[in-house]
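A.B. asks: What follows is a predicted protein model with its sequence.
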Amino acid sequence: MIKKPIIALDFSSMDEVVCFLETFTSDEPLYVKVGMELYYQAGPQIIGFLKEKGHQIFLDLKLHDIPNTVYQAMKGLARLGVDMVNVHAAGGKKMMEAALKGLEDGTSIGQKRPKLIAVTQLTSTSEEEMQYGQLIKATLMESVIHYAKQAHEAGLDGVVCSAQEAKHILLATTDRFMCVTPGIRMAEDDKNDQLRVMTPSQARKNGAAAIVVGRSITKKSNPRMAYEQIKDEWMVEIENEKLYS
Ligand SMILES: O=c1ccn([C@@H]2O[C@H](COP(=O)(O)O)[C@@H](O)[C@H]2O)c(=O)[nH]1
């Protein structure tokens, strides 16, 4: 389980990241997510910068290509020393196995292999979009569980899913399989383009191992306060579990 909310650094430059991080105390290690927007514009230097500051990093590039290309790309990403990376489960089991092998081969001795997780169905996707846009003739839950099982069989550490699906995924795989869940909103927040959302508390009750939060922190007038509120709500559930276990 990841005890801190993972903050999605959806910014387009290093300067914006520096400015955002200034709202946090310099000695507070965070768990941050670098996605396509930031990585494609700031490049690998952003990873070095965040690591130097002591932050943990989920590099969210959602690889999806033929197995050999994904293998080679993952081999390279392993050398960046990030903590977690991902692929799209829609790329198939062979692609996921190749991604894992690439990470293993690219991780030097003494270094920890980054965790590898697979995106099931994006949290902005509806069942209608999936059935008519992607022509997948299943319910959204069935599709998510199918992808999770494939990721589990390929040896991955977990999946990206909505917290709405986490409980079912854990039942279909094992309780150690990680459900990393974006689409997290406080009850009063705007959903924006997210469709399958949950609050931090609902997410943990449903078995999420980690929550990923972007705009509900980064777009707030006081991001630091928003982060603390989300972290508190998430941690209260974790503490309650300890009390009643
Ligand atoms: O299914 C997915 C996979 C990835 N994401 C990413 O998480 C954050 C969520 O940002 P919010 O501002 O909290 O909506 C964003 O970086 C997405 O690329 C996702 O939302 N859903």
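C.D. replies: Everything's here; your move. Keep in mind it's a predicted model, so treat the numbers as computed, not measured.

A.B. asks: give me the number of residues near Val212?
C.D. replies: For Val212, the count of nearby residues is 23 (other Cβ atoms under 10 Å). Yep, even glycine has a C-beta here, placed from its N, CA and C like the rest.

A.B. asks: Listing partners with orientation, what would you give for the host helix or strand of it?
C.D. replies: Per DSSP states H and E: Val212 is located in strand 210-213. For strand 210-213, sheet partners with direction are given as strand 6-8 (parallel), strand 178-181 (parallel), following DSSP bridges.

A.B. asks: which one of the ones you listed is the most hemmed in?
C.D. replies: Mean neighbours per residue, mean count of other Cβ atoms under 10 Å, is largest over the strands paired with strand 210-213 for strand 178-181, with a mean of 26.

A.B. asks: That one near the ligand anywhere?
C.D. replies: No: in terms of Cβ under 6 Å from any ligand atom, no part of strand 178-181 sits within range of the ligand; the closest distance is 8.6 Å.

A.B. asks: change the start of the numbering to 57 and stick with it
C.D. replies: In the new numbering, first residue 57, that becomes strand 234-237.

A.B. asks: still on that earlier bit, could the strands paired with strand 266-269 go into TSV alongside mean pLDDT?
C.D. replies: Listed next are the strands paired with strand 266-269 as TSV, based on pLDDT from 0 to 100:
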stretch	mean pLDDT
strand 62-64	99
strand 234-237	99
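
A.B. asks: can you redo the ones you listed as JSON lines with distance to Ala145?
C.D. replies: Shown next, in JSON lines, are the strands paired with strand 266-269 (distance: least, Cβ to Cβ, whole Å):
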{"stretch": "strand 62-64", "distance to Ala145": "19"}
{"stretch": "strand 234-237", "distance to Ala145": "13"}
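
A.B. asks: ok so His208 is a helix residue?
C.D. replies: Yes: counting by DSSP: H, G, I helix; E, B strand; the rest coil, His208 falls inside a helix.

A.B. asks: Contacts made by the longest strand seen in the chain with the rest, please.
C.D. replies: With secondary structure taken from DSSP state E, the chain has its longest strand at strand 112-119. Here strand 112-119 makes contact (Cβ atoms under 8 Å, 6 or more residues apart in numbering) with 62, 64, 85-92, 95, 103, 106-107, 126, 129-130, 133, 136, 138-144, 147, 155, 170, 175, 236, 268.

A.B. asks: Now which of the residues you listed would you call buried?
C.D. replies: Listed as buried from these are 62, 64, 86-91, 95, 103, 106, 126, 129-130, 133, 136, 138-144, 147, 155, 170, 175, 236, 268; burial here means 16 or more other Cβ atoms under 10 Å.

A.B. asks: Which ones among those residues map onto strands?
C.D. replies: Per DSSP E, the buried ones among the contacts of strand 112-119 map to strands at 62, 64, 87-91, 140-144, 175, 236, 268.

A.B. asks: nearest to Asp246, of those?
C.D. replies: Set against Asp246, the nearest of these by Cβ to Cβ is Ala64 (15.3 Å).
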